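> sequence and computational prediction follow.
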Amino acid sequence: MLNSLVAELCGVLADLYLNPSDARRIASQVGLDLRYLELGNQSINNWDAVIRQAVKRNKLNTLLAVVDSEWHDSPEFASVYAACQAAGLHSVTRTPHDRSGGDLLHFLPDRHDQELVLSEAIQHCQQARRPFVCVIFGNDEECHDKFVERLYVHSLRSHLGLDPMIPIKQIPLPFPPSTNNTNDFHHRLRFSLANPLLGRSQATVAEVNSYLVAQRVPTVLHTYLRIQTWQQREETVLRNFIKFWQGWPQLAFDQWLLICICLRCEQQTRNRLKFWQRQETRLL
């Protein structure tokens, strides 16, 4: 069953994405470690490697969501997407002998204090009609995508007092190539937003925001940045990312926008990040 579905999904994606490099791009958005993927010039082989790695890392649901955001109107993809969900592949779990427990880390701890702080911060930004930037960091064994899923599936509805029937739109945001030049980075980040959402890379921030307002639902943008060492360059990139959203237009009265940036760090990097976090008591 697994092999047949993987083969079917692989064939559909190879037909949709004719450029072999698209598999690498999607894998990066999903948060897969490209070091463990053997990608070449054959699209069908690339997608087979990406899909199997996504299943192994419990990220197939994220992969499907990313593709769905780009090919939502494709009947072929819709069919295989439904088949994967019906087969339960979106919730593949590790065996009991795997002690890493990566997918469980965000569910097991008592997060009452964190939820309280998050609720207060969200309400503050909502009253000020400003975007809310959430910086999440952890090592490669901690499933950031599952933590983001926890936010929009469980936490946000409670914090925002939303009707259970109101959907929350999630949009994967490709992280732009890093640069220390603030204006250049902001230009690249705007491109990363405008191109997949509007299909026009030169769309302005105001046009992108108008598109989000027109959706008339709370929106979660999520992106990933891998950090091997925490140095001045990485700090500058994160500050520039936050500054971009500080300059975002004031939100509409009934608009809500959350941006999650997930920092995938090596273990020794985390202590430096915690120190930096203590210095930045207010990001927005």
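On my side now, so go ahead.

> going forward, measure contacts and count neighbours with C-alpha atoms only.
OK.

> going along the chain, name the strands of the stretch 1-150 of the chain.
Remark: strands assigned in the stretch 1-150 of the chain by DSSP state E, counting those that start in this stretch are 132-138.

> quick one: low-confidence parts of it?
In the predicted model of the stretch 1-150 of the chain, residues 1-3, 87-116, 138-147, 149-150 satisfy pLDDT under 70.

> do that again at 50, thanks
Flagging of the stretch 1-150 of the chain using pLDDT under 50 yields the residue ranges 1, 90-110.

> please enumerate the helices of it.
With DSSP state H, counting those that start in this stretch applied, the stretch 1-150 of the chain shows helices at 2-16, 21-30, 43-56, 60-70, 75-86, 112-128, 144-150, listed in chain order.

> can I get the fifth one in PDB, CA atoms only?
Spelled out, that is helix 75-86. The C-alpha atoms that make up helix 75-86 are tabulated as PDB, following Å, rounded to 0.1, in the frame of the first residue of the first chain:
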ATOM      1  CA  PRO A  75      -7.400  17.200 -10.000                       C
ATOM      2  CA  GLU A  76      -4.600  14.600 -10.300                       C
ATOM      3  CA  PHE A  77      -2.900  16.000  -7.100                       C
ATOM      4  CA  ALA A  78      -6.200  16.300  -5.300                       C
ATOM      5  CA  SER A  79      -6.900  12.700  -5.900                       C
ATOM      6  CA  VAL A  80      -3.500  11.300  -4.700                       C
ATOM      7  CA  TYR A  81      -3.600  13.800  -1.700                       C
ATOM      8  CA  ALA A  82      -7.000  12.400  -0.600                       C
ATOM      9  CA  ALA A  83      -5.600   8.800  -1.000                       C
ATOM     10  CA  CYS A  84      -2.600   9.600   1.200                       C
ATOM     11  CA  GLN A  85      -4.800  11.100   3.900                       C
ATOM     12  CA  ALA A  86      -7.300   8.200   3.700                       C
END
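
> give me the buried stretch members for that helix, please.
When neighbours are counted by 16 or more other C-alpha atoms under 10 Å, the buried residues of helix 75-86 are found to be 76-77, 80-81, 84.

> wait, a strand at Tyr224?
Yes: going by DSSP: H, G, I helix; E, B strand; the rest coil, the assignment for Tyr224 places it inside a strand.

> skipping adjacent residues, who's closest to it in space?
Cys262 (4.7 Å; C-alpha to C-alpha, 6 or more residues apart in numbering).

> what about the helix or strand where the one you found lies, average pLDDT?
Element membership for Cys262 (DSSP states H and E) is strand 257-265. Strand 257-265 shows a mean pLDDT of 83.

> give me the residues contacting stretch 210-222.
Contact with stretch 210-222 is made by 148, 152, 166-173, 198, 252, 254-262, as judged by C-alpha atoms under 8 Å, 6 or more residues apart in numbering.

> how close does Gln202 sit to Asp184?
As judged by C-alpha to C-alpha, to the nearest Å, Gln202 and Asp184 stand 14 Å apart.

> now do the domain split for the chain, please.
When the chain is parsed with automatic domain parsing, its domains come out as 2-91, 104-279.

> buried residues in stretch 181-192, which are they?
Using 16+ other C-alpha under 10 Å as the burial criterion, the residues of stretch 181-192 that qualify are 182, 185-186, 188-192.
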